[in-house]
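Visitor: only geometry, no sequence info:
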């Protein structure tokens, strides 16, 4: 019910979606720079999916991670040329300072990465990426607003019956906080497209 990823395809002129079993990640390109928002997991599946859309792992220049759960970061080693970005508040999840649940921890990211704070703006060529902290699913969950109009939300929210809803509460570390994060996102009146980690996308 809560995992309804869409098939690998081209969504718009600039955006591709990649399916890796239960999750989606997204690729944004302006022809000069090609960015990933999350990386999916199971590298062999990612390779097959990328071939369908004629994108090579080496062409990815930057990766923006929404959070550190394995179904969103498991494919990171494929993209050897990419600069990796992660929320400052999420680092505790990959340094064994904060368990995901009970005594279970997310894995370390064995790559150099830069940390981002709420409101940070990163320019990749002409592509503008605004970082928005959206805690709840994990303490450091982060959404990314590209060119003021496209939101990559990871697991901060789901799309159900064409409506924005919180992620399944059993998989959140703090659903109350997640609901506040969703309210924060919905106040942004320039968003035209929302892309989620497990339930497809919504045009606004």
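Guide: Now that the structure is in, tell me what you want to look at. Owing to the predicted nature of the structure, the values given are computational and were not obtained by experimental measurement.
Visitor: CA only for contacts and neighbour counts going forward, please
Guide: OK.
Visitor: can you give me the helices for this protein?
Guide: 43-52, 70-73, 91-94, 175-186 (DSSP state H).
Visitor: now those helices as a markdown table including distance to residue 111?
Guide: Output for the helices of the chain, formatted as a markdown table (distance: least, C-alpha to C-alpha, whole Å):
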| stretch | distance to residue 111 |
| --- | --- |
| helix 43-52 | 16 |
| helix 70-73 | 11 |
| helix 91-94 | 12 |
| helix 175-186 | 28 |
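Visitor: let me have these in JSON lines, extended by mean neighbour count and mean pLDDT.
Guide: Shown next, in JSON lines, are the helices of the chain (neighbours: other C-alpha atoms under 10 Å; pLDDT from 0 to 100):
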{"stretch": "helix 43-52", "mean neighbour count": "15", "mean pLDDT": "96"}
{"stretch": "helix 70-73", "mean neighbour count": "20", "mean pLDDT": "96"}
{"stretch": "helix 91-94", "mean neighbour count": "20", "mean pLDDT": "97"}
{"stretch": "helix 175-186", "mean neighbour count": "17", "mean pLDDT": "97"}
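Visitor: so which of those helices gets nearest residue 120?
Guide: Among the helices of the chain, the nearest to residue 120 by C-alpha to C-alpha is helix 175-186 (15.2 Å).
Visitor: burial count for residue 114?
Guide: When neighbours are counted by other C-alpha atoms under 10 Å, residue 114 registers 12.
Visitor: identify the bridge partners of it.
Guide: Beta bridges link residue 114 to residue 85 when assigned by DSSP bridges.
Visitor: show the pLDDT at residue 1.
Guide: The model reports residue 1 with a pLDDT of 50.
Visitor: then the one 3 residues further on?
Guide: At residue 4, the model reports a pLDDT of 87.
Visitor: give me the phi and psi angles of the residue lying closest to it once chain neighbours are set aside.
Guide: Once flanking residues are discounted, residue 4 sits nearest to residue 199: 4.8 Å by C-alpha to C-alpha, 6 or more residues apart in numbering. The phi/psi pair for residue 199 (degrees, to the nearest 10) reads phi -130, psi 30.
Visitor: start at 614 instead
Guide: Happy to do that; since the first residue is 614 now, the last one works out to residue 812.
Visitor: my read: residue 812 touches residue 773, true?
Guide: Yes. Between residue 812 and residue 773 there is a contact at 7.5 Å, judged by C-alpha atoms under 8 Å.
Visitor: give me the more crowded residue out of those two.
Guide: Set residue 812 next to residue 773 and count neighbours by other C-alpha under 10 Å: residue 812 wins out with 23 against 16.
Visitor: quick one: the more buried one from residue 776, how far?
Guide: Residue 812 sits 11 Å away from residue 776, taking C-alpha to C-alpha, to the nearest Å as the criterion.
Visitor: touching, residue 709 and residue 718? I think so.
Guide: Yes. Look at residue 709 against residue 718 with C-alpha under 8 Å: they come within range, at 6.1 Å.
Visitor: low pLDDT regions in the chain?
Guide: 614-615 (pLDDT under 70).
Visitor: swap in 80 and give it another go.
Guide: 614-616 (pLDDT under 80).
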